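Undergrad: Only the shape, not the letters, is given here:
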């Protein structure tokens, strides 16, 4: 008679190994929409709200493609070189984190390269340098935060080089913004678009984060875009439209006759405070205004004051212009404490935000104000100036600073625009 078979108990080492393997078994943890779509697709566009888990989904797709042997030459493209490093490679949901220790790639930052044990190679690129993508060829790619790329031609260069292997594919992740690149991509028959809201991932998000974003953004237009993942059209009757801004966009500004740093200071500081709007605006030799940089921040008064003074020096500005409604002479004292010699002008608002913004918006309609690239947050705020007021939810600090700067340069000291003048 055969001896009765008994189930062998796992050793502590085997149990630890099984637990570790289960930890890296992505399909057990993923939500269905985080898994790659079936069928023949060229682009998997993950267009979702913040915190949905799109970075993890993209990283796991790259990992699975490499481990299966389907990909051997991969492009990793982020908005900036720092974003590629901090999000795609070294982030909490990046490639080094999702790959198990026994299959983790060797990362060589100086060579912009990750090399897996099976020989697959991923190369990192910044979308700020499109020409770096002009020559290399790849059989797969991860494009991170596509809607925030300053140079859309970086996408074109990436796709032109995606020509190795039998089925080259790219996963593109982004928080939705209604720009032409995203709309064109969604219209392609070879694109599969996945949408989703922040709250779909609530089990993996800290409760304080959820409470804060609900209190700040729920029910607002910005919340619909950033949390619900909606791709919003222009607000009917808004002072600014995406088309208006895009038609006046320039790649390079001319020589400047004047440059100002405009500040819309936050009343308080801290994580829950509004941002301090800091815009660098210049008047070109052609008589048009150019928005050169958006340096808005959520810093202490000393922090944003120092940033404004540094911008004054870096851009060769001739004046700092700041709203004083909320801070009085504290704003000037803050600037003077950092550099007593900076020319400074205070401005006071006596009318509502939309009324103050209308003359500036009229200059945009006349194609007399131009944006460089990289001003996405400002542009989101401008396009939220609805007929019944600002519809963005948060304070339009970037937009307010812009209004002060353009008014100083273009509307002149002889034109009183509802209390703009000191």
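TA: Nice, I can see it. All values derive from a computational prediction rather than experimental measurement.
Undergrad: Report all helices and strands that the one helix or strand residue 355 maps to contacts.
TA: In this structure, residue 355 is located in helix 353-365 according to DSSP states H and E. Using 3 or more Cβ pairs under 8 Å, 6 or more residues apart in numbering; DSSP states H and E, the elements in contact with helix 353-365 are helix 242-247, strand 385-386, strand 389-390, helix 397-406. Backbone N, C-alpha and C define where each C-beta goes, glycine included.
Undergrad: again, only using 10 Å
TA: Using 3 or more Cβ pairs under 10 Å, 6 or more residues apart in numbering; DSSP states H and E as the contact criterion, the elements in contact with helix 353-365 are helix 242-247, strand 289-294, strand 369-371, helix 376-382, strand 385-386, strand 389-390, helix 397-406.
Undergrad: Parallel or antiparallel, list what pairs with the second one.
TA: Translated: strand 289-294. Strand 289-294 has the following strand partners under DSSP bridges: strand 277-284 (antiparallel), strand 369-371 (parallel).
Undergrad: Nearest approach to residue 359 belongs to which of these?
TA: Nearest to residue 359 among the strands paired with strand 289-294 is strand 369-371; the distance by Cβ to Cβ comes to 11.2 Å.
Undergrad: quick one: that closest one to chain centroid distance?
TA: On the basis of Cα atoms, centre = their mean, to the nearest Å, the separation between the geometric centre of strand 369-371 and that of its chain is 20 Å.
Undergrad: So which bits of that strand are buried?
TA: Neighbour-count burial for strand 369-371 flags 369, 370, 371 (criterion: 16 or more other Cβ atoms under 10 Å).
Undergrad: what's the answer for stretch 26-43, then?
TA: Neighbour-count burial for stretch 26-43 flags 26, 33, 34, 36, 41, 42, 43 (criterion: 16+ other Cβ under 10 Å).
Undergrad: Export these to TSV and append columns for pLDDT.
TA: Compiled in TSV, the buried residues of stretch 26-43 are given as follows (pLDDT from 0 to 100):
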residue	pLDDT
26	91
33	95
34	96
36	96
41	96
42	97
43	98
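Undergrad: Enumerate the beta-bridge partners assigned to residue 321.
TA: For residue 321, the beta-bridge partners are residue 262, residue 345 (DSSP bridges).
Undergrad: That one touches residue 260, doesn't it?
TA: Yes - taking Cβ atoms under 10 Å as the definition, residue 321 is a contact partner of residue 260 at 5.3 Å.
Undergrad: overlap in contacts of those two?
TA: Here residue 321 and residue 260 share the contacting residues 279, 281, 343, 345, 404, 405, 407, 408, 409, scored by Cβ atoms under 10 Å, 6 or more residues apart in numbering.
Undergrad: what's the closest non-adjacent residue to the third one?
TA: The spatially closest residue to residue 343, leaving aside those adjacent along the chain, is residue 319, at 4.6 Å (Cβ to Cβ, 6 or more residues apart in numbering).
Undergrad: Would you list the phi and psi of the one you found?
TA: In this entry, residue 319 is assigned phi and psi values of phi -170, psi 150 (degrees, to the nearest 10).
Undergrad: before we move on, back to that, how far does the helix holding residue 355 sit from the chain's center?
TA: Relative to its chain's centre, helix 353-365 lies at 26 Å (Cα atoms, centre = their mean).
Undergrad: same question, stretch 181-190
TA: 20 Å.
Undergrad: Pull out the buried residues from it.
TA: For stretch 181-190, the buried set under the neighbour-count rule, 16+ other Cβ under 10 Å, comprises 181, 182, 185.
Undergrad: Quickly name whichever of the residues you listed is closest to residue 285.
TA: Relative to residue 285, the closest of the buried residues of stretch 181-190 is residue 181; by Cβ to Cβ it sits at 31.2 Å.
Undergrad: Name the helix or strand for the closest residue in space to residue 301 that isn't next to it in sequence, please.
TA: Leaving aside its chain neighbours, residue 301 sits nearest to residue 334 (5.0 Å; criterion: Cβ to Cβ, 6+ apart). Element membership of residue 334, judged by DSSP H and E, is helix 330-338.
Undergrad: For that helix, list every residue counted as buried.
TA: In terms of neighbour count (16+ other Cβ under 10 Å), helix 330-338 has its buried residues at 331, 332, 334, 335.
Undergrad: now swap in stretch 114-127 and tell me
TA: Within stretch 114-127, the residues scored as buried using 16+ other Cβ under 10 Å are 114, 116, 120, 121, 122, 123, 124, 125, 126, 127.
Undergrad: Double-check residue 222 against residue 384; I have them as touching.
TA: Yes - contact between residue 222 and residue 384 holds when scored by Cβ under 10 Å: they sit 7.0 Å apart.
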